Structures are given as structure tokens and as C-alpha cells.
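S.K.: Test case, fold it:
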Amino acid sequence: MRSRDQILHEEGGLFPGLTYTEAVLKPAFNEAKTSLLPPMMAINKAHLIMLKDQGLVTSEEAGQIAGAIRGLDLEKLRQCEYTGQFEDLFFQVESELLEAAGDIAGNLHLARSRNDMGIAIYRIVLREKLQTTIRGGLALKSQLLTFAEEHADTLMIGYTHTQQAQPTTLAHYIMAVADSLDRDIRRLQAAYANCNRSSMGAAALTTSGFKISRERMQELLGFDELVHNSYDAIGGADYVGEIAAAVQLAGINLGRASQDFLLWCTQEFGVLRVADPYVQISSIMPQKRNPVSFEHMRSLLSSCVGNTQTVLTMMHNTPFGDIVDTEDDMQPYAWKALAVLDQMYRLLSCVIGTLDVDKEVLRKRTEASFATVTELADTLVRTDQLSFRKSHHIVSGVVKHALAEGLAANEISLELVNEVALEVIGRKLLITPEEFRSSLDPVHFVNIRTLPGGPAPEEIRRTIADRRVRQHQQEAWLSAAQKQTTGALANLDAELQGWSAGQ
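M.R.: Okay, the predicted model is just below:
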């Protein structure tokens, strides 16, 4: 075991310690210079504009500081290595501004702290990544709606408890996936609303005695609202927790659908054929055509869920205040989760858009399946005024007899049904041969289910039209959000353009 003196000799007696640098400070610095530098500079510009507006710096001072900000070599900063000379990127940038503009650049830190500034930086980064992920989700949803439209009449069997249940259509299933995705997008939008709020002006945690304008900072940085309570502004971490929770659920939802698609690609199901760009071959088995794009989706979506769980776990039981647990070490896990979700949205959109579907296999399987017999039971209620439970008992008996005789559903005869009816109710049924044939026809089964949300093609097409309206609304929302945030940050440079010492 090393002694205290040995540790200090090896690690260094002053900040930063060698292992602390390697394990914490250098990785955080590298993340900051890669991801946090642009929003940091945006906040410097916005804060300077606000200080000048409020008369807290003179025009001449503002010009000197603006010149220093514009003169920073950002590419050089991105390439530099962590040396320990400065605690973090913030202090390195501040040092360079002081060197360029002189002591007056120190006033750029009037009425602000790394606390409110850091949270604002994270919120700016996250809102941009949320916009990207939501855009990917909307692109996938549009592709799903198109796919559903193409398969409104494609019969298939629906499953419950992994067993054949009732006839439906491929469009009905896909619309369920699309509606689940729509809810995920709305959750991401709600998370965006709580993320896009300004912490600036909270300073360390109690605001400031300087008469700054928190509202002006909100406007300049393109935030929708303030985080009103200054303690909440620096202590609340639920803005990133909400994002993590929304992304986690989205990843789980999409993973479940990916598992179904992968199953349907098996020769046993024989339903889907993935296009060549998204399959891989075996190194030994010549016949193999592996739809591994779905496998990668499933595994990467699980990694996405894992990263979001890391975010929530790191938040758990931390003090309610400024704390590193919710900052540099945690934020990249949220970024990675958002990036993976976006990538999987885009990949699934490509795979879905190029899938081949064997409609004939689906149709024949549905026609032969006992999934249709629910409608036979329903029909007996209508034709013979039986209770549904009594009708269910008759049809259950018919299925047992048919299975014992090796009959498919479309091979059941009315005679067999009447034989079972005699055993159960003591008489033959009133159902006509035409009504009987219709009751076992999967097309009829689907077509009469016109209730809202049902699989009837006319209802599916109505639903798709409705969802396209919502799609356009969400796309308009995203366009407005992007225009607001990118426009605000671009305007910062326009505002500073032409500032010079003496203005």
C-alpha cells in the first residue's frame, strides 16, 4: 500500500492530481471542447449584449469585450489538450478573453456563475439534440403511414400471448406502431418544452444585486421561458431526467416492434424480406441471408435504454442543488441515448421503406387459421339469439372437433357446426349457408370492424388521413422550434457585428 507521501509524490502535490486529471478532468474537458464550446460562446455574446443594454458596461467596454470574443480561435481551443493550467474550459476561455481585452473582460462575469451558465449550456445542447431526434421520429412516422396505406387490404393474423388470435391487416398493426411512435414524439415534445427554459440570471443560486434582465437573456438565447425560481434553475435536474424517461420509453417501444419484424423475417413466418442493403451473409452457410439490421436495431435500442437508465440512476438520491452528479459526467449519456434513438429511427425508416411483403402467404395463413371463429360466435348470437357464452361454447366445441379431424378453419362445414349445436343446445342452428361462409371469411371479419381504431380498410384510411394532419402539425412545430433557436443564436453575431471600442 502506498503511503500518503508516495501518493502525493506520484500524483503531484498541487491541483490537479494525475489520476484525477486522467479519470475526470481530461475527459470532461474533451467533452466540453467538442460539445459545449458553441453554446458557451453564445452565452458570452448574449450576456455581453444584455449587460450593455442594462448599462452595466459602457459601449467602449462592450466593444473591447466583443472584439475579444470575436477574436477567439475556436478551432485552436478544440484542438488543445488539457494541461491542468486551468480547471476547465470555462476558465481557459475566460483567461484568453482577459488576455485579449484586458481586465475589463472580467466584467463579462457580472451577475452570472458557472452554475446558471452551465445549466443553460446543457439545455441548449439538449434542445438541439432533441430537435434532431424528433426529426428522425417524424421521418419514420411518415414512412410508417405510407407503408400502412399500401397495406390497408393486406390480411394477416393478429396475435395475443404469442398465439393466433383474430384476423386483422398489416396496416392495422403498423398503425399501432405509428400511434405508439406518435406518443413517443409527443413525450419528446413535452420534454423539449421543459428543457427549453433559461437558467441565466440565477447566478450561483440567489440571482444578483446587479439589475440584469433575465428576460432579455431568455430572448437572446432562444429559450421559451425562464426557470423562475433561481434555486430551481441551478438545482433542478428533471429537465434531463424527463428527456431520459421519454427516450427510454421510445427505445423500449421501438425495440418491441423490431423484435416482431425480425421474427416475421424467419422462413417459418415467411412474411418479410429485407432489401439487400440491410442484410448480411454467413461466412460458412451459402444460403444465409441474415436480416441483421433488425438485430442491430434491437440491441442498440437496448443500449439506448441503458444510457437513459444511467442518467436516471445518477440523478437518484443526489442533493437538490448544484452538484456534479447531474452535470459533466452525466450529460453525455443523455446525448448518446438521443443520438442512438435518432439513428434507429432513420435506419428503420429505410428498412421499412424497402421491405417486400408476401401478401399471399399472409392471406392463405389467415384463411386457414381458426382466428376467424370469433366472428362465427358473434354471428350465432345474431342469427340464433343465443347468449355469447352459449355461442362461444358451441364454437369452442367445433374447433376441438376440427382439430381432432385435422381440418383447417376454411374446411369446417355447417354440418359439423350443427352436430355440436345439437350436443350443446339440443337443436340445429338457424344460420344460413351464406351467413356461415361469411362468418369464417377473414375479409368479411376485417371489413365489418369499422369502429374507430378497427382494421376495416375504410377506417384505416380514415385514420391515416387523420394522422397525416397531426404529422403536418408536428413538422410545423419542429420547423418553428428550429427557426427560433437557430435564429436567436445567429442574431447574436449580427447584434455584435460592428461593435468596437468606443461604440
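
S.K.: quick one, helices of the stretch 301-450 of the chain?
M.R.: 331-353, 359-368, 373-384, 388-404, 414-425, 433-439, 442-447 (DSSP state H, counting those that start in this stretch).

S.K.: Would you list the phi and psi of the residue lying closest to H151 once chain neighbours are set aside?
M.R.: Once flanking residues are discounted, H151 sits nearest to L170: 4.0 Å by CB to CB, 6 or more residues apart in numbering. For every residue, glycine as well, the C-beta is placed using N, CA and C. The phi/psi pair for L170 (degrees, to the nearest 10) reads phi -60, psi -40.

S.K.: From R298, how far off is L170?
M.R.: Distance, L170 to R298, using CB to CB, to the nearest Å: 20 Å.

S.K.: got a list of contacts for stretch 223-242?
M.R.: Residues outside stretch 223-242 that contact it (CB atoms under 8 Å, 6 or more residues apart in numbering): 113, 115-116, 119, 122-123, 126, 190-191, 193-199, 201-207, 214-215, 218, 311-312, 315, 318, 320-323, 326, 330-331, 334, 484.

S.K.: Could you tell me the end-to-end distance of stretch 194-209?
M.R.: Distance between the two ends of stretch 194-209: 27 Å, counting by CA to CA, to the nearest Å.

S.K.: if you average pLDDT over it, what comes out?
M.R.: On average, the pLDDT along stretch 194-209 is 98.

S.K.: how far does that stretch sit from the chain's center?
M.R.: Put simply, stretch 194-209 sits 27 Å off its chain's centre (CA atoms, centre = their mean, to the nearest Å).

S.K.: Tell me the buried residues in it?
M.R.: Residues 194-203, 205, 207-208 are the ones in stretch 194-209 that count as buried (16 or more other CB atoms under 10 Å).

S.K.: Next, the residue nearest the centre of the chain: secondary structure please.
M.R.: Residue closest to the mean C-alpha point of the chain, counted by CA atoms, centre = their mean, is V247 at 4.3 Å. Reduced to three states with DSSP: H, G, I helix; E, B strand; the rest coil, the structure at V247 is helix.

S.K.: My read is that it contacts T133, right?
M.R.: Yes. Counting by CB atoms under 8 Å, T133 is a contact partner of V247 at 7.5 Å.

S.K.: any common contacting residues for the two?
M.R.: Both V247 and T133 are in contact with 188, 338, 341, where contact means CB under 8 Å, 6+ apart.

S.K.: tell me the contacts of the first one?
M.R.: For L188, the set of contacting residues under the criterion of CB under 8 Å, 6+ apart consists of 130, 133-134, 137, 243, 246-247, 250.

S.K.: pLDDT value on it, please?
M.R.: Per-residue pLDDT puts L188 at 98.

S.K.: For S198, see how far away it is.
M.R.: Distance of L188 to S198, computed by CB to CB: 20 Å.

S.K.: tally of neighbours for P457?
M.R.: Number of residues near P457 (other CB atoms under 10 Å) recorded here: 18.

S.K.: what's near enough to touch it?
M.R.: 152-153, 169, 171, 446-447.

S.K.: And for M200?
M.R.: M200 neighbours (CB under 8 Å, 6+ apart): 43, 46-47, 112, 116-117, 120, 214, 217-218, 221.

S.K.: show me the contacts for the nearest residue to S180 once chain neighbours are set aside.
M.R.: In this structure, S180 finds its nearest non-sequential neighbour in N253, 4.9 Å apart by CB to CB, 6+ apart. Shown in contact with N253 (CB under 8 Å, 6+ apart): 180-181, 184.

S.K.: Of these, which is the most crowded?
M.R.: D184 (25 neighbours).

S.K.: now it: how far from R256?
M.R.: The value you get for D184 to R256, if CB to CB is used, is 12 Å.

S.K.: do the same with V305
M.R.: 11 Å.

S.K.: Low-confidence ranges, the stretch 201-350 of the chain, go.
M.R.: Residues of the stretch 201-350 of the chain meeting the criterion pLDDT under 70: none.

S.K.: how about the helix or strand where A233 lies: buried residues?
M.R.: Using DSSP states H and E, A233 sits in helix 230-235. Neighbour counts using 16+ other CB under 10 Å place 230-231, 233-235 of helix 230-235 among the buried residues.

S.K.: ok, so of those, who is nearest V469?
M.R.: Nearest to V469 out of those is A233 (CB to CB; 37.2 Å).

S.K.: Tell me how far the closest one lies from I394.
M.R.: Between A233 and I394 the distance is 68 Å, computed by CB to CB.

S.K.: picking that back up, tell me which two of the contacts of P457 sit farthest apart.
M.R.: A171 and N447 (13.1 Å).

S.K.: Which residue of these two possesses the greater neighbour count?
M.R.: Using other CB under 10 Å as the criterion, A171 and N447 rank with A171 on top: 27 against 17.

S.K.: Name the residues of the one helix or strand that one maps to that are buried.
M.R.: Here A171 sits within helix 170-195, counting by DSSP H and E. Along helix 170-195, the positions that meet the burial threshold by neighbour count (16+ other CB under 10 Å) are 170-182, 184-185, 187-189, 191-192, 194-195.

S.K.: Isn't L416 up against V399?
M.R.: No. Taking contacts as CB under 8 Å, L416 lies outside contact range of V399: 10.3 Å.
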